[in-house]
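In: okay, predicted coordinates and the sequence, questions at the end:
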Amino acid sequence: WDCALSGILSRVRKRFDWTRSIRFCHYLVKRWVWLISNRE
């Protein structure tokens, strides 16, 4: 049971890291587009 619980925790942590990295990439893209639009 403890092993299964740790497996679920690691899976949730992986998913959280994945969504956080996607959010960070989305932020970078928005910033890049904002810089390009402000350049003109």
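Out: Perfect, thanks for sending it. The structure displayed is predicted, hence computed values, not measured ones. Numbering: from 1, shown residues only.
In: so Ser10 versus Arg39, what's the distance?
Out: Distance of Ser10 to Arg39, given as CB to CB, to the nearest Å: 43 Å. For the C-beta atoms, the positions are set from N, CA and C on the backbone; glycine is no exception.
In: more neighbours: which of the two?
Out: Neighbours per residue (other CB atoms under 10 Å) separate Ser10 from Arg39, with Ser10 holding more: 10 against 6.
In: which other helices and strands contact the host helix or strand of that one?
Out: Element membership for Ser10 (DSSP states H and E) is helix 2-39. For helix 2-39, there is no helix or strand it packs on, judged by 3 or more CB pairs under 8 Å, 6 or more residues apart in numbering; DSSP states H and E.
In: from now on call the first residue 173
Out: Happy to do that; since the first residue is 173 now, the last one works out to helix 174-211.
In: average model confidence for that helix?
Out: Averaged across helix 174-211, pLDDT comes to 91.
In: any idea how far it is from the chain center?
Out: Helix 174-211 sits 0 Å away from the centroid of its parent chain (CA atoms, centre = their mean, to the nearest Å).
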